[in-house]
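Asker: Below are the sequence and a predicted model for it; my questions follow.
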Amino acid sequence: MAYRAYNLPAMNPSNLLTRLAPAYQVPLKRLNTFGIDAIAHAYLEITNVEQLRELRNHPVLSRLKRLILGGGSNVIFADQIDSLVLRIASTGKAIVDEDEHFMYVRAAAGENWHEFVLWTIAQGFGGFENLSLIPGTVGAAPIQNIGAYGTELQSNFFHLRAFDFVSGEVIRLDKAACQFAYRDSVFKRELKDRLVILDVTFALPKKWQANLSYADVAQRVQALETSTLTPKDVSDIIISIRQSKLPDPTVIGNAGSFFKNPLVDAAQREQLLQTYPNLVSYPQADGHYKLAAGWLIEQCAWKGKQLGKVGVYEKQALVLVNHGGASGAEVRALAERVQADVLEKFAVSLEVEPVFVG
């Protein structure tokens, strides 16, 4: 695996904790976008790497099961979380380097992703405009390899730094080491629960070119009737599209897209087309096709339906929502019902994007 130890610059001792003092029986409702009213056995906010080193060597806290929490936008909690919840709250972002082709920018893991995207645009850099308004933090973004409207995080990823609980070192992982795939990375597999991402460095192109591969985006750009399209123009369009289709988690609890768009081979797609000529699919570079999970769910008549306190969003069948007071068990039950119906109707398996915890 292509990573190496990386020494962080010296930190100001006045900013370091001299004693870890977690809180106990902490409500997590405000810290997850689905609004599950879960309780953490223990809770600690992490702002620097020295806290992680101290935690690793702590005679009691080091034995607790750990849960790393970013923006809480990709987790579905059980009612009781029997773990030490470490919420990553580090901040800071900067331009760190440049070369002939790229500007290199770095952000701390606790930075809000959307605010970071807007900051890069304000600096005059393009590259992340299609990923505007995605909830979560910078540190969580590589774990999921977030993507939207034809762009994935890996396209502009350079490297990240992370604390390794096994070795006690800060290591650096490049793109190859992260093993990015569709909504996937090494952090969800071999390195799960081992690393805490500290900061991420991105390479943003000096010669920007808009990604208008999605028809809805291209149509709205054309309507602008401008010859000087900017990253901010595209970002504004993406924000408008997302706001028209996706619910605001501050208004109604949700975790964004709840299911991955499934991949099928050409033969299975052709077979499906014979029965469902309006099947929505997108060709992939490897010859597979990505099916629109939202379309599949809608054909199973789940759009707008409610099961207890959780339901399928009325404007986008790919999104499950909390109508108030939903539990993690209720969310799982609805997800499993939707999966079962899609499998029965189309012989296609849907994979859940968020992680069920507890």
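Answerer: On my side now, so go ahead. Small disclaimer: the values here were computed from a predicted structure and weren't measured.

Asker: make it CA atoms for all contacts and neighbour counts henceforth
Answerer: Fine.

Asker: gap between I46 and D184?
Answerer: According to CA to CA, to the nearest Å, I46 stands 24 Å off from D184.

Asker: Name the residues linked to P283 by a beta bridge.
Answerer: Counting by DSSP bridges, P283 forms beta bridges with Y289.

Asker: I'd assumed L291 was in contact with it.
Answerer: No: shown here, P283 and L291 do not form a contact pair, counting by CA atoms under 8 Å, at 9.0 Å.

Asker: More neighbours: which of these two?
Answerer: Ranked by neighbour count (other CA atoms under 10 Å), P283 and L291 place L291 first, with 20 against 14.

Asker: Excluding covalently adjacent residues, which one is nearest to that one?
Answerer: Nearest non-adjacent residue to L291, counting by CA to CA, 6 or more residues apart in numbering: S281, 4.4 Å away.

Asker: Tell me the helices and strands packed up against the host helix or strand of V217.
Answerer: Using DSSP states H and E, V217 sits within helix 215-224. The helices and strands touching helix 215-224, judged by 3 or more CA pairs under 8 Å, 6 or more residues apart in numbering; DSSP states H and E, are helix 231-245.

Asker: I171 belongs to a helix?
Answerer: No: going by DSSP: H, G, I helix; E, B strand; the rest coil, the assignment for I171 is strand, not a helix.

Asker: Burial check on it, number of neighbours?
Answerer: Neighbour tally, I171, other CA under 10 Å: 20.

Asker: what is it paired to in the beta sheet?
Answerer: For I171, the beta-bridge partners are A5, A162 (DSSP bridges).

Asker: show me where pLDDT drops low in this structure?
Answerer: 1-18 (pLDDT under 70).

Asker: Now do the helices in the stretch 1-150 of the chain.
Answerer: Ranges of helices in the stretch 1-150 of the chain, per DSSP state H, counting those that start in this stretch, are 49-57, 113-122, 141-144.

Asker: Can you give the distance of the longest one from its chain's centre?
Answerer: Spelled out, that is helix 113-122. On the basis of CA atoms, centre = their mean, to the nearest Å, helix 113-122 is displaced by 16 Å from the centre of the chain it belongs to.

Asker: what angle do it and helix 231-245 make?
Answerer: Here the directions of helix 113-122 and helix 231-245 differ by 150 degrees (axes from the mean of the first three to the mean of the last three CA atoms, to 10 degrees).

Asker: Return the set of buried residues in helix 113-122.
Answerer: Under the neighbour-count criterion of 16 or more other CA atoms under 10 Å, helix 113-122 has 113-118, 120-121 buried.

Asker: again, but for the shortest one
Answerer: Along helix 141-144, these residues count as buried under the neighbour rule (16+ other CA under 10 Å): 141-144.

Asker: helices or strands next to the single longest strand found in the chain in the packing?
Answerer: Assignment by DSSP state E gives strand 195-205 as the longest strand of the chain. On a contact count with 3+ CA pairs under 8 Å, 6+ apart, strand 195-205 meets strand 102-108, strand 157-164.

Asker: want to throw the buried residues of helix 141-144 into CSV with distance to H58?
Answerer: Shown next, in CSV, are the buried residues of helix 141-144 (distance: CA to CA, whole Å):
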residue, distance to H58
A141, 29
P142, 28
I143, 27
Q144, 30
